[in-house]
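>>> only geometry, no sequence info:
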């Protein structure tokens, strides 16, 4: 019996249950951990079944509780004025305890029992956002699978991922507005993993925004809008129940007209919060904060040694690499050069944090290549800003500050790619090495086109041709005439 079949059997038994208790919450955590594990294995059919089972179980919780966190958090006792506070202290003391002698005997008879048996203070074992974090992350992963294979969508449900990602955002927003989060008296640690996935969900939506094609006439000034309207979910769809719990006004309403850059800014806010509170390897064995609750005095989640499958280990380098890679994937396709440069630099700063991690060795080659891509995008963005002036014959821009910044970015990219090549022979396959050579050739060719010294320029062209082969030769043939004329003008200017 595979995991998906087992989940279906368990789910069927749960549907007949007329209650929902703490044991069900523990079962939900185990089911979610198994679904996340299956997702990591890239088993699409198995993962989608388990994720669907998690969603169905979360919906069952909603049938019993408006806020399922009441199952694993204690109600808060709010201090307030009492009618007794208007009674003078002496009168209240006499009324409640009698005379001084009676109070003494009462004190003697009860003091020992108070010393031996004290009322235990409430024990908090979960973050109040734990349930919503599980549901929101599940929706995010579900949308990712639909993005990979649209045929996985159930009949009558959207076969594009946007609806599921927006649903995840609604759940995360609901978690932020839980009474236990907004009353100001809990002092819980931040749910860093929820913040990270929140940011990743926004990056996915920004990526979809970049992919959208204008629906209006080419001359229309309006950018394509994200479809943020709620789909017409089938009556028996669990997403219909989740949508019914959505507040009437949510942040999704602002995403329709937002640019990809605007959405990325929102994602950065969540990433900054998540990375700040993300545990460090020095803390020992780390598990997901979905399952643990931090003490108010700590900024990172309290960790527990896992005794069951309901908690899974976490790798800080993997989290950082995933964040930076997904941001970089959007950055290189943004239209505005200054936006490309900004987000490539932001991704590089996250990659750069990885050098402080204890288990960095296995990531080194990938990180060096990724940082080279960041600098290539940043440098090329500066080149694009100069392109219009160069096409207009303004060769003086090659001597500008912007041109210097472009050359510096491209030199940094070449340095990183050279380092990556040095470690690629043993750690990479042939395809990865070819991709790396093409990136290096692109950086060399771009730098050559901005170089005023003829000898240096020819050396860069030769290196680019050696790395990129025929593709670089073709590019050189198409650009050679215009580039040579530009450089001649610059050299003449230098002599004058």
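Okay, I see it. The model shown is predicted, which means the values in this text are computed figures rather than measured ones.
>>> From now on I want contacts and neighbour counts done on CA atoms only, so please keep to that.
Fine.
>>> Number of residues surrounding residue 386?
Other residues near residue 386 come to 19 when the count uses other CA atoms under 10 Å.
>>> got a list of what it touches?
397, 402-403 (CA atoms under 8 Å, 6 or more residues apart in numbering).
>>> out of these, which are buried?
397, 402-403 (16 or more other CA atoms under 10 Å).
>>> Could you report the neighbour count for residue 380?
Residue 380 sits with 24 neighbouring residues when counted by other CA under 10 Å.
>>> How is the protein divided into domains?
Taking automatic domain parsing as the criterion, the chain consists of the domains 3-71+124-211+226-283, 336-495.
>>> Relative to residue 326, which of these is closest?
Of all the domains of the chain, it is domain 3-71+124-211+226-283 that lies closest to residue 326, at 7.1 Å by CA to CA.
>>> the strands in the stretch 101-250 of the chain, which residues?
Counting by DSSP state E, counting those that start in this stretch, one finds no strands in the stretch 101-250 of the chain.
>>> where in it is pLDDT low?
101-125, 180-188, 213-224, 249 (pLDDT under 70).
>>> residue contacts, residue 413?
Each residue near residue 413 by CA under 8 Å, 6+ apart is listed here: 371-376, 440, 443.
>>> and it, what element?
helix 401-427 (DSSP states H and E).
>>> avg pLDDT for that helix?
For helix 401-427, the mean per-residue pLDDT is 87.
>>> next helix or strand past that helix?
Downstream of helix 401-427, the first helix or strand assigned by DSSP H and E is helix 430-449.
>>> Tell me the helices and strands packed up against that next one.
Helices and strands touching helix 430-449, by 3 or more CA pairs under 8 Å, 6 or more residues apart in numbering; DSSP states H and E, are helix 364-391, helix 401-427, helix 454-468, helix 470-495.
>>> Distance to residue 346 added to the ones you listed, as JSON lines?
Listed next are the helices and strands packed on helix 430-449 as JSON lines, based on distance: least, CA to CA, whole Å:
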{"stretch": "helix 364-391", "distance to residue 346": "9"}
{"stretch": "helix 401-427", "distance to residue 346": "14"}
{"stretch": "helix 454-468", "distance to residue 346": "27"}
{"stretch": "helix 470-495", "distance to residue 346": "29"}
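>>> Which one of those helices lies nearest to residue 151?
helix 364-391 (32.3 Å).
>>> how much does the closest one deviate in direction from helix 401-427?
Interaxial angle, helix 364-391 versus helix 401-427 (axes from the mean of the first three to the mean of the last three CA atoms, to 10 degrees): 150 degrees.
>>> Report the buried residues of helix 364-391.
For helix 364-391, by 16+ other CA under 10 Å, it's 365-383, 385-386, 390.
>>> How about stretch 61-77?
Buried residues in stretch 61-77, defined by neighbour count with 16+ other CA under 10 Å: 61-62, 67-69, 71-73.
>>> Same check on stretch 391-410?
Quick answer for stretch 391-410 (16+ other CA under 10 Å): 395, 397-398, 402-404, 406-410.
>>> what's in contact with it?
375-376, 378-383, 386, 389-390, 443-444, 446-447, 450, 452, 486-487, 489-490.
>>> With stretch 144-158 instead?
So stretch 144-158 is contacted by 44-45, 48, 159-161, 231, 233-234 (CA under 8 Å, 6+ apart).
>>> switch the cut-off to 6 Å
Stretch 144-158 is contacted from outside by 159, 161, using CA atoms under 6 Å, 6 or more residues apart in numbering.
>>> Distance across it, terminal residue to terminal residue?
Length of stretch 144-158, first residue to last, CA to CA, to the nearest Å: 13 Å.
>>> how close does the spatially closest residue to residue 331 that is not a sequence neighbour sit to residue 380?
Closest residue in space to residue 331, ignoring its immediate chain neighbours: residue 340 at 4.9 Å, by CA to CA, 6 or more residues apart in numbering. Here residue 340 is placed at a distance of 9 Å from residue 380 (CA to CA).
>>> Throw the domains of the chain into JSON lines and include distance to residue 321, thanks.
Converted to JSON lines, the domains of the chain look like this (distance: least, CA to CA, whole Å):
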{"stretch": "domain 3-71+124-211+226-283", "distance to residue 321": "12"}
{"stretch": "domain 336-495", "distance to residue 321": "6"}
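>>> sorry, back to before: compare the helices and strands packed on helix 430-449 and give me the one nearest residue 25.
For residue 25, the closest of these is helix 364-391, at 38.6 Å, according to CA to CA.
>>> average pLDDT across the closest one?
Per-residue scores along helix 364-391 average to 91.
>>> ok, residue 237 - contacts?
Taking CA under 6 Å, 6+ apart, one finds nothing in contact with residue 237.
>>> again, but for residue 369
417, 420.
>>> From residue 327, how far off is it?
15 Å.
>>> go on, residue 453?
Applying CA to CA to residue 453 and residue 327 gives a distance of 36 Å.
>>> For these two, indicate the residue with more neighbours.
residue 327 (26 against 13).
>>> Can you tell me the element the more buried one falls in?
Going by DSSP H and E, residue 327 is part of helix 316-331.
>>> What are the contacting residues of that helix?
So helix 316-331 is contacted by 207, 340, 343-344, 347, 350, 354 (CA under 6 Å, 6+ apart).
>>> try it again with 8 Å
196, 200, 203, 206-207, 210, 271, 275, 278-281, 339-341, 343-344, 346-348, 350-351, 353-354, 357, 359-360, 363, 367, 370, 374.
>>> Buried ones among these?
Here, 16+ other CA under 10 Å leaves 196, 200, 203, 206-207, 210, 271, 275, 278-280, 339-341, 343-344, 346-348, 350-351, 354, 367, 370, 374 buried among the contacts of helix 316-331.
>>> Just the ones in helices from those, please.
196, 200, 203, 206-207, 210, 271, 275, 339-341, 343-344, 346-348, 350-351, 367, 370, 374 (DSSP state H).
>>> So what would you say the end-to-end distance of stretch 423-436 is?
Stretch 423-436 has an end-to-end distance of 11 Å (CA to CA).
>>> Can you tell me which of the contacts of residue 413 is nearest residue 26?
Nearest to residue 26, judged by CA to CA, of these is residue 371 at 41.3 Å.
>>> Without its sequence neighbours, what residue ends up closest to that closest one?
Nearest one to residue 371, counting by CA to CA, 6+ apart, is residue 348 at 5.6 Å.
>>> from memory the one you found sits against residue 368, does it?
No: assessed by CA atoms under 8 Å, residue 348 is found out of contact with residue 368, at 10.0 Å.
>>> If we ignore the residues flanking it in sequence, what's nearest residue 451?
In this structure, residue 451 finds its nearest non-sequential neighbour in residue 457, 5.6 Å apart by CA to CA, 6+ apart.
>>> Could you check how far residue 352 is from residue 446?
24 Å.
>>> More neighbours: which of the two?
residue 446 (22 against 16).
>>> State the pLDDT value of that one.
What the model reports as pLDDT for residue 446 is 92.
>>> That one: what's it in contact with?
380, 410.
>>> Before I go, just wanted to say thanks for your time.
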